[in-house]
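Colleague: sequence? don't have it. structure:
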């Protein structure tokens, strides 16, 4: 047996939004979030002094925290824009009695490339000045009455205090600081008759703050505001900090106070953590919660009600500023919103059984996990259990109670979404479990990125191979030793067949063993870890392709596909993933969006989660049977938040040309480069940083490794496939005469999709310089002429392509070239006769034929047909999604 590790006494838990959780024992952040690619908003100082400062700072922090823990918080803070790092309110007493402690902490932060926004007051200094001047301060309802004389004194004092702090930072600590004494806080009179020149903040102008941060200067803001006509008003510094937080939504809001936090009125001890959703009503009924303490809690609740759940407020002594920001234990009092937790001991008491099942299945989805979870839920009908969960099933725990009063409870399963983890719901559930079950044990794999988080919940741990046994609550060493001895001998087998994680593990191992020569599943076997935090890894190494140095006339039927097709299909050969991917479709009203929804519904692993359409918002999505979905009207801001939370694996932009850029920028700015975007418009087809998604002609390895894919146009796909095999034999400019059904004109009414206008008619349009003419020419590397038309049928395109040749060729020669080039392609069919639109409509490929050669042998006419909504759009999109997400190239595509 390996040694027992006692966890020791821990400080109360703290939240580290947006990627840390909290409990009554300790707080931590998931390692997965620390390893994501981050968008740096500032450059760290790179001179020798700054480097030495960073090293010294890390050394000091290392005495109270691990380097991994520190790096986790650094990654978290650098994952947001600079103004969203922290707002720090500095009390007047701190500026007089702890100025060097404050400046030293700010110097450390600056050396790490972190620039907090400082808001200061000067209350104690103000009282002393008024007292020296013989002016008796007057307060009404705790608010200072500020007449003209008092305002004049306050203005001079605040300007001097502000500049003193700025100069102390600049001269003594070599920190660029910018005084901001006006232009940020706009206010109106609170009640001029009652409080005179006291203001309520009405708006925030963040431009001066952002300018300072861009210049890598700490913004130092004094709590004086102006009205629209320029009148100076006195505002409370706490209130000013709160309004700045509402405007900027920082990860951290810190109030520096000499007291170092809120003190419990009965025990006299510092309150470590307050979960408002759970404790607010009870606190408000306590006799000791009054005056300043009550006002502080009430104001913080109002503030957090207006901020994301990931935000928190810390009230600390300045000496604990770094510890608060960079360690799980923190310092002072942490106040967070939290969320109420429900519990049930019978399945019938759980109103949302379907939600419970989906929560247990979340990120455990595989070919057989659904059956395993169904059996687990059925087993709960015949045994004692208690489930803990929040209203949205964001986090769920199932506990098997002890068989005796003195025995241990067993955590049968625990799962949490990323959002529930970031908003401390996971920690709240652990707190509830600990109150109900003072003795409990569970296991977690050593490879779990949240192993430290689980260990901090435990009083003791034991490692056995790849598993860790965790427990809390046993004061009897013999009892704890007996449990660990059993685990040391049996491992997870000591749970028998009751533990959901063990059942899923066996099912996953069995499924993996059936794959034979295929690559084993990349999803990790189930442990009671935070499943949603584990990132799916897609293999980036692909087998090399054989490529012919030059094209020739194909005559041998015995050659392999690789010999004749330089870019053969992937099919199932290189499939690396067989669990679901979460999909969001932006712009689903059009014909293409509807066609793609139908394909996704058939796909075994495409899990459509969000469908956005401004016109259809609020209506139920019809034709998708995997889950109930309601159309949303997602804005770029909504998309950004979803991307930051990792809610979507692949985004499909089915928007008109020129519309999707704000959505793409929102995803890019979220700092999640591994999420895939497939754009169906023309917006990125000429952008070299995007991969052009025509798998039959573009190296499939590039598409497979791409995360930004531009889906080709419908006309362009058929034209390129109809010309590409003859590129080296082209003797002049090819001409493409294209005719499309009216669905290609979209759903917005126009003459091109007016059926009555199209009867007995054909309408030419954009006869030169059409966007597809440029697209085809750019991709082939050869200029072509394209002449588009629209006809009366609904869907399908017919191309007649005239290609001048640089040598004499026969129809048979040319047909053999096409057959060899597209050997093995499931979605390209080479035929002898000219293909017809009525035969391609509703089909998922391209047909190429005709091959009529002029009597001179120097010009060939090729015909190509394609369904513009399928291979011309939706099917091609799914083909690209399959490649980029690691599925078989043709999964979900009928052919």
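Modeller: The structure has been received and is ready for your questions. These numbers come from a predicted model, not from an experiment. Numbering: from 1, shown residues only.
Colleague: Residue 162: which element?
Modeller: Counting by DSSP states H and E, the element that carries residue 162 is helix 148-167.
Colleague: And for residue 585?
Modeller: Secondary structure assignment for residue 585, by DSSP H and E: strand 581-586.
Colleague: Likewise for residue 343?
Modeller: According to DSSP H and E, residue 343 maps onto strand 342-344.
Colleague: If you count contacts, what does the host helix or strand of residue 426 end up packed against?
Modeller: Assigned by DSSP H and E, residue 426 falls within helix 425-436. If contacts are counted by 3 or more CB pairs under 8 Å, 6 or more residues apart in numbering; DSSP states H and E, helix 425-436 sits against strand 21-22, strand 386-389, strand 395-400, strand 409-416. Bear in mind the C-beta positions are built from the backbone N, C-alpha and C, glycine included.
Colleague: and residue 240, how far is that from residue 134?
Modeller: In this view, residue 240 and residue 134 are 29 Å apart by CB to CB, to the nearest Å.
Colleague: When the two are compared, which one has more neighbours?
Modeller: residue 240 (26 against 6; other CB atoms under 10 Å).
Colleague: My understanding was that the more buried one contacts residue 201; is that so?
Modeller: Yes: the pair residue 240 / residue 201 is scored as a contact, 6.5 Å apart, by CB atoms under 8 Å.
Colleague: Overlap in contacts, the two.
Modeller: Taking CB atoms under 8 Å, 6 or more residues apart in numbering as the contact rule, residue 240 and residue 201 both touch 185, 225.
Colleague: about what we covered before: off-centre distance for the following helix or strand past the helix holding residue 162?
Modeller: Downstream of helix 148-167, the next assigned helix or strand under DSSP H and E is helix 173. Averaging C-alpha coordinates over helix 173 and over its chain gives two centres that are 38 Å apart (CA atoms, centre = their mean, to the nearest Å).
Colleague: returning to what we had before: give me the mean pLDDT for the helix holding residue 426.
Modeller: Average pLDDT, helix 425-436: 87.
Colleague: Stretch 442-449 now?
Modeller: 78.
Colleague: Now do the buried residues in that stretch.
Modeller: Within stretch 442-449, the residues scored as buried using 16 or more other CB atoms under 10 Å are 442, 443, 444, 445, 448, 449.
Colleague: Just the local confidence number for residue 488, please.
Modeller: What the model reports as pLDDT for residue 488 is 70.
Colleague: quick one: it is in a helix?
Modeller: Yes: under DSSP: H, G, I helix; E, B strand; the rest coil, residue 488 falls within a helix.
Colleague: I'd like the numbering to begin with 612 instead of 1 from here.
Modeller: Yep, numbering from 612; the last one is residue 1099 now.
Colleague: Against residue 835, how distant is it?
Modeller: 66 Å.
Colleague: do the same with residue 1327
Modeller: On the measure of CB to CB, residue 1327 and residue 835 end up 61 Å apart.
Colleague: Quick check: phi and psi on residue 1283?
Modeller: Phi and psi for residue 1283, reported as degrees, to the nearest 10, are phi -120, psi 70.
Colleague: from memory it sits against residue 1257, does it?
Modeller: Yes: taking contacts as CB under 8 Å, residue 1283 lies within contact range of residue 1257: 6.3 Å.
Colleague: what are the ranges of the helices in the stretch 812-961 of the chain?
Modeller: With helices called from DSSP state H, counting those that start in this stretch, the stretch 812-961 of the chain shows them at 818-825, 848-859, 887-895, 902-916, 932-937.
Colleague: can you give me how far the first one is from the chain middle?
Modeller: If you compare the mean C-alpha spot of helix 818-825 with that of the full chain, they lie 26 Å apart, counting by CA atoms, centre = their mean.
Colleague: could you say what helices and strands that helix packs with?
Modeller: Helix 818-825 packs on strand 788-791, strand 829-833, going by 3+ CB pairs under 8 Å, 6+ apart.
Colleague: Please repeat the previous calculation with a cut-off of 6 Å.
Modeller: Of the remaining helices and strands, none touches helix 818-825 by 3 or more CB pairs under 6 Å, 6 or more residues apart in numbering; DSSP states H and E.
Colleague: Domain map for this structure?
Modeller: As recorded under automatic domain parsing, the domains making up the chain are 692-861, 965-1119, 1183-1321, 1325-1491.
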